[in-house]
Every structure is written in C-alpha cells, then in structure tokens.
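Asker: my questions are about this predicted structure, shown below with the sequence.
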Amino acid sequence: MSLPFNQPYIGTEEEEALIKALQSSHLRGDGPHTKRVQQQMEEWLNIHHVLLTTSCTHALEMAMMVLDIGPGDEVIMPSFNFVSSANAVALRGATPVFADITPDTMNIDPDSIADNISDATKAIVPVHYGGVSCDMDAIMQLAEDHDLLVVEDAAQGVDAYYKNQPLGTIGHIGCYSFHDTKNITCGEGGAFLTNDDEIAARAEIMREKGTNRAAFMRGEIDKYTWVEEGSSYIPSDLLAALLEAQLAKKDEIKKKRKQKWERYRKALQPCADQGKIVLPEIPAHCESNYHIFYFLAPSAGDQERLLRAFKEEEIPAAFHYVPLHSAPYAQKLLNEQPDLVNTANYSNRLIRLPLYPGLNLTDEFLDRIVRIIHDTISN
C-alpha cells in the first residue's frame, strides 16, 4: 500500500541533533543528551526520577525485577494487551493473571481486577490503551486496600493525562515507549518513571547490568562492582539526542494528531448514527494524546469483511489485539482459560485506521472509508 499505517514525525531538527551527537566524543549511554532528557522529563512530568531505557519492554522487565516479582507471584493485567507486560512477568517465573476490559475505553476493568485478586497477587499492570487513561482512582484504591503495587504500562500514554496527572506518574512505577510507532520516538527506546527513591536507586543499578557504576561515575564510591541482578538497559546517547529533538516538538505532534483524530470522528459520525459502527469516546476526566483512532464493527464477521474491503481498496487498516489469554504461549502458563466476555467480544470487532501527524486526510480518502463501511455493513 502506498499510504503507510504509521509514520514518525521527523524533520531537520532530528537530523541536526544526530549529527551533533555523532560529532561528540560520547556515543554510549548516559551521556549529556541522556542526562538532559531525563531532567527535562522530570520537570515536565513533575516526577522525581526518569531513567531512559532501551525499550518500554525493558522498562517493564526492570519494574518486575525491582518489585521482586518471582515464582508463586501473580500480576494482574488486561488480556487485551501487547505481550511485553506479560513477558516481563513470565520471565520472572511469575504468573500473569488476565482481567477483562470496559467497552467504553478498552481499558482494564477495575471490577475484573478485584475479582482476580488472590493471596498470591503482588502487582497490577494497567495498560492505557490508545492514549486514554484507565480508571486510576479505582485502581490505586484497590492497590491500597490490598497492599499491591501498580506499574503503569503507558507505552501508548506519553503526553496523555488522567485528571491532569500525566499517565505513567500515578502508579508506583510508570513505563513509556519511544518506539518508531509511538507519538514521540527515537526509533527504539523507553523510560522508567517513579517517585520512590528506593525503587529508583535499585532500578539505576539493574539498568547498569546490576552494578553500582552510576554511583561511581558521580564520584560517590571509589570503585564499582556487581551488587544486584540486572542487564544492559541503557540506550545510546545518539537515541537520547533524537528523543530530545522530538520532545521539543511534542505540542506540535499532539495538536496535529488531534486534528486527524477529530476529522475521522466527524466523518464517521453518520455511520455511527446509523448503527453501522461504534465510535470511540474520551471520558471527560481524560486528556488523550490521540495515539490511535479506532472504531468497532457490529460483529467479528463484519470486522473481517471490512478489513478485507479496506485491503482491496489499498486503505491500511488493522485489528488490535489477539487477546493474550488465548495465545499459544498462555496455554502453557494458565491452569484454566478465564472467561473474559468483553475482551473476546470487542477485540474481534475493533478496527484501527492510520493516524500520524503527516497523514493527508483528504475528503476523498474519508469518503472512501465511509463508502466502504456503508457498502459492507447492512443493518
């Protein structure tokens, strides 16, 4: 297809930042760009600690390590979810427990979390789908009531808010993605966020291969050594330079994505009024970053027919996700299949459309989408 589904918003600013970084003497991780970006993010998000990582996946793995998640432990998360949060738990020998979602936001249902809490539960991983927040008040209250820890999977939630609080800063730990498909990108990258000084201190060690090298570099100790388990989770300073240029454009990026999102919604409203599709809603207390535009088809069969019709007309469209609890590897981890009614229903109906700042959403393109929906869905 000539029209891409995703496209990073990259310009001369990023090129110049990379050239300057290449010309410096520091290409490895934790260089001047990394330190500057971390400080900028701490100030922007009003959070005590930001550590850049090689990916959101690695930030999630660090979170499970820092929280001492291990064999016999359970961590609750949505089944409607990318695999990274489940893998982070499975790699620790613990068990991901899959909860259902709410139809209005496709986010984890606090009632389903409550139903799945057991003596083995150690943490909750809410996933903010499409840049729209989970019900964090309810989730944090459950965590407090049951002495649980909350790790926000905010891979899609950078520059989105819940009651004016940045996503990723509400739980005990937050994890960001700067993958090439995300609103703000450095190609591959992520961040680990926390307000807890003890968590941050351990995360810093685990991020540096389990050593106290960061303390050594600050002159706090005279030599460094292996003090914890860990891995190599520090991105190159080249990536941090690219990310710094992207963060400077975050308001512009969000504004352009919002414009595209709202154009889609306005164009497709007549289809929704006729009952052919269901459009997404953003709750009043949430500020989205407009990461995804999706709609729901009336049935799984309609989803298949629409995706086929879009493909025939060379309009990129996609599903999201195959529920994790139904995945082949989950069959090895789960003793029994959970009954997740909403997850099964809505994941089989969801269709995503391309959305990025440079997308040329012409009237002709939107008219084609509307025509395909009318021609495919009969009611």
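Answerer: Looks like it came in fine.

Asker: quick check: I101 touching D111?
Answerer: No. If you go by C-beta atoms under 8 Å, I101 and D111 don't touch, sitting 10.9 Å apart. Bear in mind the C-beta positions are built from the backbone N, C-alpha and C, glycine included.

Asker: of those two, which one has the most company?
Answerer: Taking neighbours as other C-beta atoms under 10 Å, I101 and D111 compare with I101 leading, 26 against 14.

Asker: K249: how many residues sit nearby?
Answerer: 17.

Asker: tell me who's in contact with it.
Answerer: Y9, E13 (C-beta atoms under 8 Å, 6 or more residues apart in numbering).

Asker: report pLDDT for it.
Answerer: At K249, the pLDDT value in this model is 97.

Asker: got it, and S326?
Answerer: 95.

Asker: also L27?
Answerer: 89.

Asker: my guess is it meets S236, correct?
Answerer: Yes. L27 is within contact range of S236, at 6.1 Å (criterion: C-beta under 8 Å).

Asker: these two - which one has more neighbours?
Answerer: Taking neighbours as other C-beta under 10 Å, L27 and S236 compare with S236 leading, 22 against 12.

Asker: which SSE is immediately downstream of the helix or strand bottoming out on mean pLDDT in the chain?
Answerer: Least confident element among the helices and strands of the chain, by mean pLDDT, DSSP states H and E: helix 328-333 (a mean of 90). Going down the chain from helix 328-333, the next helix or strand is helix 341-347, by DSSP states H and E.

Asker: dump that next one to PDB, restricted to CA.
Answerer: The C-alpha coordinates for helix 341-347 follow below in PDB (Å, rounded to 0.1, in the frame of the first residue of the first chain):
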ATOM      1  CA  VAL A 341     -16.600 -11.600  27.800                       C
ATOM      2  CA  ASN A 342     -15.800  -8.000  26.800                       C
ATOM      3  CA  THR A 343     -12.200  -8.900  25.700                       C
ATOM      4  CA  ALA A 344     -13.500 -11.600  23.400                       C
ATOM      5  CA  ASN A 345     -16.300  -9.500  22.000                       C
ATOM      6  CA  TYR A 346     -14.600  -6.200  21.400                       C
ATOM      7  CA  SER A 347     -11.200  -7.300  20.300                       C
END
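
Asker: which other helices and strands contact the next helix-or-strand element following it?
Answerer: As assigned by DSSP H and E, the chain's next helix or strand after helix 341-347 is strand 350-353. In terms of contacts (3 or more C-beta pairs under 8 Å, 6 or more residues apart in numbering; DSSP states H and E), strand 350-353 is packed against strand 293-296, helix 300-312.

Asker: contact partners for the spatially most central residue of the chain?
Answerer: Closest residue to the average C-alpha location of the chain: A155 at 1.9 Å, with C-alpha atoms, centre = their mean. Neighbouring residues of A155 by C-beta under 8 Å, 6+ apart: C56, F82, S84, V127, C175, Y176, S177, H179, K182, G190.

Asker: among these, which are in strands?
Answerer: C175, Y176, S177, G190 (DSSP state E).

Asker: name the nearest residue to the last one, ignoring sequence neighbours.
Answerer: Put plainly, it is G190. In this structure, G190 finds its nearest non-sequential neighbour in C56, 3.8 Å apart by C-beta to C-beta, 6 or more residues apart in numbering.

Asker: hang on, the earlier thing: buried subset of the contacts of A155?
Answerer: Buried members of the contacts of A155, counted by 16 or more other C-beta atoms under 10 Å: C56, F82, S84, V127, C175, Y176, S177, H179, K182, G190.

Asker: would you mind giving the residues you listed as JSON lines with pLDDT and distance to M62 added?
Answerer: Converted to JSON lines, these look like this (pLDDT from 0 to 100; distance: C-beta to C-beta, whole Å):
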{"residue": "C56", "pLDDT": "98", "distance to M62": "10"}
{"residue": "F82", "pLDDT": "97", "distance to M62": "17"}
{"residue": "S84", "pLDDT": "98", "distance to M62": "12"}
{"residue": "V127", "pLDDT": "98", "distance to M62": "17"}
{"residue": "C175", "pLDDT": "98", "distance to M62": "8"}
{"residue": "Y176", "pLDDT": "98", "distance to M62": "12"}
{"residue": "S177", "pLDDT": "98", "distance to M62": "14"}
{"residue": "H179", "pLDDT": "98", "distance to M62": "17"}
{"residue": "K182", "pLDDT": "98", "distance to M62": "19"}
{"residue": "G190", "pLDDT": "98", "distance to M62": "9"}
